[in-house]
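> Have a look at this prediction, sequence included:
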Amino acid sequence: MYILECADGSYYVGSTKDIDRRLAQHSAGEAAAYTRTRRPVRVVYTEEYSRIDDAFAREKQVQNWGRAKREALIEGRFGELNALSRKRPKVNE
C-alpha cells in the first residue's frame, strides 16, 4: 500500500506489488486517471504486505480516511489515528 502526494497537494492511495514500477507509471501519466492530471507525484508513505489482498484491504481502509488522518499516518503520528477517525452519526433506535 502506498500514498502519493500530487502536485496539487492532494493524496492518492493505491496498492501494488512493485512500487518502483507503479511510481514510474504514475509519473508517466500511464496509471490512474486521478494522478494523470496532478503530476508530478511523489511517494510519501508505504507499507509492505506479504499478500496483495491484505495490501488492497489496507488501501481501501486508508482511502476512506480524511486528510488529517492520512497526514498523521504519513508523519508517523500513529497515536493520533484513533482520535482522528471520522465521527459517524448515531442511528436512531
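The structure has been received and is ready for your questions. Keep in mind that this is a model prediction, so the values were computed, not measured. Numbering: from 1, shown residues only.
> hey, let's count contacts and neighbours off CA atoms from now on
Will do.
> State the mean pLDDT of the longest helix that the chain contains.
If you go by DSSP state H, the chain has its longest helix at helix 52-63. Model confidence over helix 52-63, given as mean pLDDT, is 97.
> and it, what other elements does it pack with?
Counting by 3 or more CA pairs under 8 Å, 6 or more residues apart in numbering; DSSP states H and E, the packing neighbours recorded for helix 52-63 are strand 11-14.
> after the strand it packs on, next one along is what?
helix 19-27 (DSSP states H and E).
> What are the buried residues along that following helix?
For helix 19-27, the neighbour count (16 or more other CA atoms under 10 Å) marks Ile19, Arg22, Leu23, His26, Ser27 as buried.
> Between these, which sits nearest Ala83?
Set against Ala83, the nearest of those by CA to CA is Ile19 (29.8 Å).
> At the geometric centre of this structure, which residue do we find?
Residue closest to the average C-alpha location in the chain (CA atoms, centre = their mean): Val13, at 2.6 Å.
> and that one, bridged to which residues?
Ile3 (DSSP bridges).
> Against Val62, how distant is it?
Going from Val13 to Val62 by CA to CA, to the nearest Å gives 7 Å.
> what's the answer for Ala31, then?
For Ala31, the distance to Val62 - CA to CA - is 19 Å.
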